[in-house]
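Take this sequence and fold it.
(one chain, ligands or ions: 1)
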Amino acid sequence: MRGRYKKWAEPFLKEHNDIVLQEWSLEDPYFQTDHLALEVGSGKGDFILGMAKKNPDTHFLAMERDVSVCGILAKKVVESNLENIRVIHGDIDALFESFEGFSFSVIYLNFSDPWPKKRHEKRRLTTKERLNHFGKLLTQGGYLKIKTDNDILYEFTLEQSPLEELTMIVNEKNYLFDETEDAMSEYEKNFRSLGKEIHRIIYQKRK
Ligand SMILES: C[S@@+](CC[C@H](N)C(=O)[O-])C[C@H]1O[C@@H](n2cnc3c(N)ncnc32)[C@H](O)[C@@H]1O
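Predicted coordinates for the structure are as follows:
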């Protein structure tokens, strides 16, 4: 997701450091909960805002690497007055280590950049190495939930096995959307309005 550069975004992110975290540690009471959820590549935030409204007892963390997109996301979070979302402006590859010791009950990857060219496949967020990293960040029995419209990313993800700690428990080529448990991101809304099939994979961390 890339749009026009927004000059206001960086100062906005710095100004709202109660919501947009510059650093994080397990000592922060926000992270002292059994219901902690991470979304990587949150885009403009519709998914995480939808989920946070439906699950007031879960503490959500939205990560987005594009500064302008992250600005839009953070602005929506601030304006929502929801108290169960924090935002990180950053790239998961640079941040995996900073989450050592954290235990998320669920991690979401929604419509991650597909990097369709073979020569770019190492950039996909669902390489075996990254899936194993996500597995380490999950609590025992926790879930990694992936949605995409992209056939190449979907097939590629299915090929990444065996995984160290994750077992695939759901593989739906045509996921029909579960209104009670799920929320739609900007991309999901767009793709569904175009009649595209949405694929969903869910892994569970082995107990
Ligand atoms: C295709 S968009 C989808 C946005 C949103 N999840 C949705 O479904 O509408 C992917 C987003 O992931 C972000 N992203 C890609 N790689 C990332 C990474 N390594 N760490 C954090 N964010 C990333 C991009 O900047 C982009 O905003």
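
List the buried residues in the helix or strand encompassing Tyr187.
Element membership for Tyr187 (DSSP states H and E) is helix 186-193. Neighbour-count burial for helix 186-193, with 16 or more other CB atoms under 10 Å as criterion, is recorded at 186-188, 191. Every C-beta, even on glycine, is put in place using the N, C-alpha and C of the backbone.

who does the lengthiest strand in the chain touch, helix- and strand-wise?
The strand that spans the most residues within the chain, counting by DSSP state E, is strand 138-148. Secondary-structure packing of strand 138-148 (3 or more CB pairs under 8 Å, 6 or more residues apart in numbering; DSSP states H and E): strand 104-110, helix 128-137, helix 151-159, strand 199-205.

Quick check: which of these is nearest to His16?
strand 104-110 (22.4 Å; CB to CB).

which residue packs closest to the most centrally placed residue in the chain, ignoring adjacent ones?
In the chain, the centroid-proximal residue (CA atoms, centre = their mean) is Glu39; its distance is 2.1 Å. Leaving aside its sequence neighbours, Glu39 sits nearest to Tyr108 (CB to CB, 6 or more residues apart in numbering; 4.3 Å).

any chance you could map the strands in this protein?
36-40, 59-64, 85-89, 104-110, 138-148, 166-172, 199-205.

could you give the angle of the biggest helix by length in the chain to strand 36-40?
Counting by DSSP state H, the longest helix found in the chain is helix 67-80. Angle of helix 67-80 versus strand 36-40, following axes from the mean of the first three to the mean of the last three CA atoms, to 10 degrees, is 140 degrees.

Now do helix 67-80, average pLDDT.
Across helix 67-80, pLDDT averages out at 98.

Kindly calculate the angle that that helix makes with helix 186-193.
90 degrees.

and helix 67-80 with strand 85-89, angle?
Going by the same axes, to 10 degrees, helix 67-80 makes 160 degrees with strand 85-89.

relative to strand 59-64, how tilted is helix 67-80?
Counting by the same axes, to 10 degrees, helix 67-80 points 150 degrees away from the direction of strand 59-64.

Low-confidence bits of this structure, can you list those?
Counting by pLDDT under 70, the chain shows low-confidence ranges at 1-2.

please redo it, this time with the cut-off set to 80
1-3 (pLDDT under 80).

interface residues of it facing the ligand?
For the chain, the residues in contact with the ligand (CB under 6 Å from any ligand atom) are 1, 40-43, 63-66, 69, 91-93, 110-113, 185-188.

make it 8 Å
1-2, 39-44, 46-47, 63-66, 69, 90-93, 95, 109-114, 123, 125, 147, 185-188, 190 (CB under 8 Å from any ligand atom).
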